[in-house]
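In: coords please:
(chains A and B)
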Amino acid sequence: MYISPLREPLVTGAKSYKQVTDDILNPMEGKPGKFWYAGITLALIALGLGGFAMYITVWEGIGSWNLNKTVGWGWDITNFVWWVGIGHAGTFISAILLLFRQKWRTSINRSAEAMTIIAVMCAGLFPIIHMGRPALAFFVLPYPNTRELWVNFNSPLFWDVIAITTYLTVSVLFWYMGLIPDIATVRDRMKKGIGKKIYGLLSFGWTGSARHWSRHESMSLILAGLAAPLVLSVHTIVSMDFATSVIPGWHTTIFPPYFVAGAVFSGFAMVLTLMIITRKALNLQNYITVGHVESMNKVIIATGSIVGIAYITEFFMAWYSGSVYEQYAFVNRAFGPYWWAYWIMMTCNVITPQLFWFKKIRRNLAATFVISIFINIGMWFERFVIIVTSLHRDFLPSSWVMYAPSWVEVSIFIGTFGLFFTLFFLFIRFFPVIAVAEIKTVLKSSGEKFIKKGDRDEK
Amino acid sequence: MKKYWKSIEEYEDGVKDDHAHLPNKIQASEALKASRRDFLKYFGFSVASAAVLASCERPVKKAIPLLIQPEEIRPGIASYYASTFYVGSEAVPILVKVRDGRPIKIEGNESSVMTRGGTSAQVQASLLGLYDESRPKNPSFNKEEITWDKANADVKEALDNLPADKTMVLLTATVISPSQKALIQKLKTKYPNLKQVTLDPYSYSGLREAYSDIVGEAIIPTFRFDKAELIVSFGADFLGTWLLPTVFTHQYVQNRKLDNGQKKLSKHIHFEGFMSLTGSNADERFVIKPSEEGKYVLSLYNEVAKSQGLPTLDKGGFESAVKEVAQQLLNAKSASLVVSGSNDKNVQLLVAGINTMLGAHGSTIDLNQDINLYQGNDSALEQLLQSCKQGSVGALICLESNPAYNMPDAGSFKEAIEKVGLTVNITAQNDETSSLCKYVLPASHFLESWGDAEAVSGMLSLTQPVIRPIYNTRDVNQILLNLLGEDISSYDYLHQHWQKNIIPQSTDSNPFISAWKVTLSAGLLSVTMDKKPKSILNTNLSSAASKVSSDKNTDGLELIAYQSVPVGDGKMANNPWLQELPDPVSRVCWDNYFSVSPTLADEKGWKQGDVISISNIELPVFVQPGNHHQVISVALGYGRTMEGPKPEVIGKDVKPLFVSKGTGVKYHTAIADIKNTGRTYELATTQSHHSMEGRAIVRETSLSEYLKDPASGNEMHAEIEKLHTSLYDKHEYKGHHWAMFIDLNSCTGCNACVVACNVENNVPVVGRNEVRRSHEMHWLRIDRYYTQAPNDPSSLRVVRQPVMCQHCDNAPCENVCPVAATTHSSEGINQMAYNRCIGTRYCNNNCPYKVRRFNWYDYNGADSIPYNRKDPAGMSTDLKRLVLNPDVTVRAKGVIEKCSFCIQRIQEKKLDAKTAGEPLRDGAIQTACQQGCPAKAITFGDMNDEKSVVSKMMKDPRRYHLLEELHTLPSVAYLTKVRNIEEKLNAEPEHKTHS
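Out: Numbering: from 1, shown residues only, chains lettered A, B, ... in the order given. This next block holds a predicted model:
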């Protein structure tokens, strides 16, 4: 395939296949460093705190949270939607970008997918823990039973269950499919011992034969085809939790595209946050280049602008609807007691990403890192604003209340960070963070060496 | 075995084995080949495992069935017994629902012409006092338990041996029981030096004294609010706490309803210094300082007198302000009624003078029928204190009067009682006086007692026990009989007393059944007494007028004490249902507080919850729109101990602030000493936002507009109905389709329905802290909104709206539940399957009315996790659980609950009708809130039944549904509020936010 010399190389440094393999696999073959131990210890402490808070929640009841008669969802569902949103980047990158033949995705898809899966796991925790009777969570599954009790197919929460479990399943499959050739590489590089056996088992006997590759490729395409609509459906359905309700501020038809854009927006921001650190820590600057960061920042501008337009559209619609409840809900968002949450959201989500129009900022790693953190915060507040400020003052002023989280709610959120980072640290320890096999496919077309020569791909 | 053939074919083919599918004999015999060893093995294992299992200890539960089943007790079917509620304040005829031997609900007695089945919050809640573990359980002497025999003998001996120069005092609450009065009379005969003194927790001494001047007898006449077209009240909270609020509410709403073609409303003008329940219902409200109340009355007197050409009295100074009121009174003439809540004899004299001039006596005031409540006399109490201190009292018997709390000057009573040799406290409660008395004789709760009552002369009712005394207690009559040394049970005594003294006076006699039995069954008996009709003496009011006009105006702040609707005089302060009942005006529960107007709060820089100290009583500030800007109001009845797992004193007793020497008790005073403490205290409130924000939540109009167009104020209803459209077919309700109507014009906001709902539906009490966190569980709440400017107290209007589950036919909650735990019944009821609920709270979020309640904690022990119960009020103890309604599930932690339209009552009446083979009669089903309502503001019925009352109400132009523009199609409907005011109300009044 001919690649224009004007194109930025996707892999810098004149790398051979061997070097690629070494660069990516070396970090996981040596002993973990001090930072890894420190990181996972911190993550485990956070996880422990979250576990304790969850124990309190289950034992004492949801009363240990500060939810009340009017605000039935607070940090729990805010965190849920936020984590689901985070979990959007991976599959977007690997499935949709695969279908659009965006080669730059090969450097980041593996870790983004891993992040997706972990984020969805964190997200999945909340719908269960927020239930008054989590032991009966299985009631939401349409399992056959002698009492002929069936789930309510009208309920968006049921759609959520289906959407999220499907998304998780397909994401895990897709991720694992891509991992198989790399696991085989790891297996082959190992001398002996239990590690080799385990990787051997996990690689499903991969030999790299043409037949294996052929099946792998077609399976990847099928899964990508399956996963692509899921990227859109998951957050569409999450948004329907709100959009199908009657609460002013929730009852909005633009929610599905608005939520999907927001999810990709926040997902990319989270990928950036993690990638900028990981590439440095694992010495992968040649593979995750500034060019990659810039590409992702472009996606962020696009989705961030969609989100910004959605915010303004909501306000316009509230005014245009002529409904006093709707109008009040939006005025209350911006100028009510939770005005600060609204303006944090506006600043972080609408204003800061617009800085990426400047190429200098777009290609500046430090700036990108800071802005990505801003976006993560802003997107969290977006969900908080939607959920809490809509609920706390709805139709009947007699029921209006305020809501602030209890330590238990905050701790559970911290706990999910603990879970996220514990699993992420384990991931970078035991699996290659970059898809070795996939990056090799672009090496000879988009690698620095080849672009400079103006060479064509051998085949 | 030989094989037989059944046909030739079979013989030829050979006999088929029909049992091929069964194990063949060989297999079977193999199986049977268990050896002796195997047998022993199996046997041994069985025995061993049986022994192991049997050795697990199981609690032994004894359930012994009755050998002879009593006729009227059928398991699972409730019996109702007529009785009377009386605990020192108002008296209400009741029916007690008894299920399987335990009283579980109190209803009003519908045969009473006074209440027509109405109750109050206190009546509903009084049931819980029966199951109060803190009650005295045995007689005691110096806090050591003794037997009844010993107690009786000792007290009798002490009384018999009392020196003749010492008096003995029987300090009672007002006795309205004829039989008890007779016993006290007997005691007086036996002990000539015995003196009875009556102590009321709230004094009406001034009213009685005034009438003693006017008719020559210290009576309280009956007031007929139902006959009054114009009611002018000077601080009399007759819908909330004044005299007979339940009766008065029933009377008052007769002229406030616009059903059955009624086109007239009574007019209610209220003068008061703070926002009371009654004041908030008034058509016109004058906000005055309590110290000026007398002068306003005097001014009104003068204006009325002037117009009638009668001599006027000293100037009151407010003649111009009340000119219009006087004019309206003169127009209404004898159909007007002026009342005053003042305890000042002179003010009451002037009020009676106005009523005399208008001819209200004999029309809206019946002098010949007295209210027997509140017989206390302030000066008699002061004398008692004096004589105790002088040491001339040898014995003090407190009979359900709790002087250590109820005395206006409880502090000096505590000193005085130390000088008394023999002190006896006869009480059903663990009260403050018990710790000061030598002997404590535990009286039974009124639900365990035989007794009678005559709250209004000629209207008698019986009190009968509905359960055997739970503790070693005796009813008051029995205790008095014991003191008299009479060997007779209280039942026999009561029966004899009635046969001899009361039944002969009654007119209706049935030859087949004794009047006693009829009365016992009905609970009520009216007798005609041939008393001389009272006439009005020509009283000179000039001295009263000069006293009133010479009262100095205080310039500064004034403090006014009132009884709150939930807690009242504090007699039932130890009642979690009442403590958690939000005050109908402030919507605060679990505390008392200093209410100040927003203007005063601004002026002083106080915010809600700032603790201030008035004469060393520290209470938090509550900002109350509608108060006079120089008036601070505070509720009486607090400062008593709430028992429970952690007993605590609720609020502060403010009575010491109102002690005045020689003039009787005045419930207002100038504030001399007021300080900021710098501390704050969070009040538990169930509503923090008080404006409707311009939304059409409560729709109202004025009478003049209503007469022009009955749909006035409700114009949007027709428009919205027109716009209703749906993609889906309307659901068909083939059988019943239940509906509820709430007449906002009748509802006074008394909160009886809220407690009735709590009792009926086992609604948990969550405690102060949980209410602060907005975790209260009430299925039914009464929303209260203010309209107009908060800074102009007299123009402030108050609207109230009871809100429960609206049972929407298009319910937003139903389609969002992932597990279909909340569904719609074929009769239009939105129902909850608690067992199915997993607690996502999605239904609650999506409910526009926010009527769904989540079980945040294990409030009642229904959860299976140990040691996590949150029951600060002690409502889940073994004894208190007896009050639970067995027809209603007790909900576990983590599930949503809400109003069910009392589905258990619907089901019961449907089954009754089915058993009887008759169609269900309209009105047979009464929800708990409907039944408890003294104003009959709630109507329940089948809108598929064309003849039902609700079907008629469906056509009422006043009908609207809450948030009907959402197309939720609620089954609950409201009728607009119509005020009797002249000016046109703004279609959209200017609402100002105050939160």
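In: where does chain B have low pLDDT?
Out: Low-confidence segments of chain B, defined by pLDDT under 70, span residues B:1-2, B:14-34, B:56-58, B:508-512, B:661-662, B:788-790, B:983-995.
In: Repeat that for chain A.
Out: A:1-3, A:451-459.
In: In it, what residue comes closest to chain B?
Out: residue A:132 (1.9 Å; CB to the nearest CB). From N, CA and C alone the C-beta is placed, and that goes for glycine too.
In: Only alpha carbons, please: show stretch B:557-577 as CSV.
Out: Output of stretch B:557-577 as CSV, limited to C-alpha atoms (Å, rounded to 0.1, in the frame of the first residue of the first chain):
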residue,chain,number,x,y,z
LEU,B,557,-41.3,41.6,70.9
GLU,B,558,-44.0,39.3,72.3
LEU,B,559,-44.0,35.6,72.8
ILE,B,560,-47.1,33.6,72.3
ALA,B,561,-47.6,30.0,73.3
TYR,B,562,-49.9,27.7,71.3
GLN,B,563,-50.7,24.1,71.3
SER,B,564,-49.4,22.4,68.2
VAL,B,565,-51.8,20.2,66.3
PRO,B,566,-49.7,17.0,66.6
VAL,B,567,-48.5,17.1,70.2
GLY,B,568,-51.2,19.4,71.7
ASP,B,569,-51.0,19.7,75.4
GLY,B,570,-48.1,17.2,75.5
LYS,B,571,-50.1,14.4,77.2
MET,B,572,-49.2,12.1,74.3
ALA,B,573,-45.7,13.5,73.8
ASN,B,574,-44.4,10.0,74.2
ASN,B,575,-46.0,8.9,70.9
PRO,B,576,-43.8,8.4,67.9
TRP,B,577,-46.6,8.7,65.5
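In: Relative to the whole chain's centre, how far out is that stretch?
Out: Counting by CA atoms, centre = their mean, to the nearest Å, stretch B:557-577 is centred 12 Å from the centre of its parent chain.
In: try stretch B:146-161
Out: 38 Å.
In: Could you do stretch B:858-878 as well?
Out: 25 Å.
In: So what touches it?
Out: The contact list for stretch B:858-878, computed with CB atoms under 8 Å, 6 or more residues apart in numbering or on different chains, reads A:59-61, A:63, B:133, B:576, B:579-580, B:642-646, B:762, B:764-770, B:777, B:857, B:880, B:890-894.
In: just stretch A:367-375 next, same as before
Out: Contacts of stretch A:367-375 (CB under 8 Å, 6+ apart): A:265-266, A:269-270, A:272-273, A:276, A:293, A:297, A:300, A:304, A:347-349, A:352-353, A:355-356, A:361-362.
In: so where do the helices sit in the stretch 51-200 of chain B?
Out: B:121-125, B:127-130, B:148-160, B:178-190 (DSSP state H, counting those that start in this stretch).
In: list the helices and strands the last one packs on?
Out: Using 3 or more CB pairs under 8 Å, 6 or more residues apart in numbering or on different chains; DSSP states H and E as the contact criterion, the elements in contact with helix B:178-190 are strand B:167-172, strand B:194-198, strand B:451-456, helix B:476-484, helix B:490-497.
In: ok, now with 10 Å
Out: helix B:148-160, strand B:167-172, strand B:194-198, strand B:393-399, strand B:451-456, strand B:459-463, helix B:476-484, helix B:490-497 (3 or more CB pairs under 10 Å, 6 or more residues apart in numbering or on different chains; DSSP states H and E).
In: returning to what we had before: just say which of the helices of the stretch 51-200 of chain B is most tucked in.
Out: helix B:121-125 (a mean of 29; mean count of other CB atoms under 10 Å in any protein chain shown).
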